[in-house]
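# I would like to see how this sequence folds:
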Amino acid sequence: MEAFTTTLQVARRWLAYLIVVSAFISLFAGCSRPAPVALIFNPAPWQDGETHTFRVTDVDGNRAGVATYAITAGATADDEAMWSLLRMIQTQGDTEMTTTKVSAAGFRPASSYLERSNAAGTETVDAQYNGPAVDMVLTTRAAIQTNQRIETPSDVRETATLPMIVRALPLADGYATQLNAFLPVAGLLDRVTVSVVGDEEVTVPAGAYDAWIVTLDTGDATSRLWIAKAAPYPLVKYIDGRNRATFELESYVASQ
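Next up is the predicted model:
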């Protein structure tokens, strides 16, 4: 009986020890992840006519094509400043072009138009952002149209614009924030955590850059961006969290 009591006491001590260690590890892990701060954008760091050109490689490292991001200045019908963000990806016979019009302050989308084409034909998605909803007209390669409305938070941004507009955040060591992102072609709404996870001297075809490493975490996928520390903070490299394609900067034009 005495031996049993001694064994039970030892087991209890070990259990208490493990609880304390577990609590310490959890506390340490929590401290290592900075709490997200409020989403506040700086003014756009780019100028009218800015263009990024990337080489695209697939998950196996094979050359897959080229991608272009181009930004132009404009104005709404009410003469409010806006930006038009074009993303064009040409890979292995497919061309996808998305043009998104966003407000100059806060980069909220007003509309977007996606056109995806290959030898089989062309499909399009025309999206209009109307307050708490996005109204879409989807046209298939067979010219069949469908209308769809999806409710979204009023502060949503469009997924295709994230690699560019993240450049306007006050990136710094330990920075983190959250935003809502919507992908019209899939009707997909994500809550995205944006975090600066480090920095690196990264070399791409366009040259060597001292860059922040930024992750975009949707919960089921994490994209990784390298954004230059020096203004106008070009996007140097990008790994898409869903298709695992890698974009590496080949050329950068700051303005027209």
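# and the closest residue to Ala81 other than its chain neighbours, how far is that from Leu85?
Closest residue in space to Ala81, ignoring its immediate chain neighbours: Ala104 at 3.7 Å, by C-beta to C-beta, 6 or more residues apart in numbering. From N, CA and C alone the C-beta is placed, and that goes for glycine too. Applying C-beta to C-beta, to the nearest Å, the value for Ala104 to Leu85 is 12 Å.
# now do Pro132
22 Å.
# coming back round to it: distance of the residue nearest to Ala81 relative to Leu216?
Separation of Ala104 from Leu216 (C-beta to C-beta) stands at 22 Å.
# In terms of packing, which of these two has more residues around it?
For Ala104 versus Leu216, the count of surrounding residues by other C-beta atoms under 10 Å is larger for Leu216: 23 against 15.
# what bridges to the more buried one?
Val194, Ser223 (DSSP bridges).
# need the contact list for the residue nearest to the spatial centre of the chain.
The centroid of the chain falls nearest to Leu162 when counting by C-alpha atoms, centre = their mean (4.1 Å). With contacts defined as C-beta atoms under 8 Å, 6 or more residues apart in numbering, Leu162 is in contact with 181, 192, 216.
# The second one against Asn180, yeah?
Yes: counting by C-beta atoms under 8 Å, Asn180 is a contact partner of Val192 at 7.3 Å.
# Those two: which is more packed in?
Val192 (21 against 15).
# Using just helix, strand and coil, how would you label that one?
strand (DSSP: H, G, I helix; E, B strand; the rest coil).
# Number of residues surrounding Ser255?
What Ser255 shows, counting by other C-beta under 10 Å, is a neighbour count of 12.
# Within the helices and strands, which one has the nearest residue to it once chain neighbours are set aside?
Nearest non-adjacent residue to Ser255, counting by C-beta to C-beta, 6+ apart: Gln47, 3.9 Å away. Assigned by DSSP states H and E, Gln47 belongs to no helix or strand.
# Model confidence for Gln47, exactly?
pLDDT for Gln47: 97.
# residues near Ile144, how many?
Ile144, neighbours per other C-beta under 10 Å, totals 9.
# Just read off the phi/psi values of it.
Backbone torsions of Ile144, given as degrees, to the nearest 10, read phi -100, psi 130.
# Likewise for Val196?
Per degrees, to the nearest 10, the backbone of Val196 is at phi -90, psi 120.
# for the one 10 residues further on, same thing?
Here is the backbone geometry of Ala206 (degrees, to the nearest 10): phi -80, psi -10.
# nearest residue to it other than its sequence neighbours?
Leu249 (4.2 Å).
# Given the helix or strand Glu123 falls within, what are its sheet partners and their directions?
Secondary structure assigned from DSSP H and E places Glu123 in strand 121-130. When pairing is defined by DSSP bridges, strand 121-130 lines up against strand 109-118 (antiparallel), strand 133-139 (antiparallel).
# related to what we said a few turns ago, which one of Pro132 and Leu85 is surrounded by more residues?
Leu85 (25 against 10).
# now the host helix or strand of the more buried one, how far from the centre of its chain.
Secondary structure assigned from DSSP H and E places Leu85 in strand 81-91. Strand 81-91 sits 14 Å away from the centroid of its parent chain (C-alpha atoms, centre = their mean, to the nearest Å).
# same deal with stretch 154-174?
Taking C-alpha atoms, centre = their mean, one finds stretch 154-174 lying 7 Å from the centre of the chain it belongs to.
# Same question for stretch 47-55.
Counting by C-alpha atoms, centre = their mean, stretch 47-55 comes out at 17 Å from the chain centroid.
# Show residues contacting it.
With contacts defined as C-beta under 8 Å, 6+ apart, stretch 47-55 is touched by 63, 66-73, 205, 232, 234-235, 238, 247-256.
# Do a quick rundown of the helices in the stretch 101-250 of the chain.
For the stretch 101-250 of the chain, helices defined by DSSP state H, counting those that start in this stretch occupy the ranges 162-165.
# could you dump the strand holding Leu85 to PDB, C-alpha only?
Extracted C-alpha coordinates of strand 81-91, given in PDB (Å, rounded to 0.1, in the frame of the first residue of the first chain):
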ATOM      1  CA  ALA A  81      -9.700  59.400 -57.700                       C
ATOM      2  CA  MET A  82      -9.300  55.700 -58.300                       C
ATOM      3  CA  TRP A  83      -6.800  53.100 -59.600                       C
ATOM      4  CA  SER A  84      -7.200  50.400 -62.200                       C
ATOM      5  CA  LEU A  85      -5.200  47.300 -61.400                       C
ATOM      6  CA  LEU A  86      -4.600  44.900 -64.200                       C
ATOM      7  CA  ARG A  87      -3.300  41.400 -63.700                       C
ATOM      8  CA  MET A  88      -2.500  39.300 -66.800                       C
ATOM      9  CA  ILE A  89      -1.200  35.700 -66.500                       C
ATOM     10  CA  GLN A  90      -0.100  33.800 -69.600                       C
ATOM     11  CA  THR A  91       0.800  30.200 -68.900                       C
END
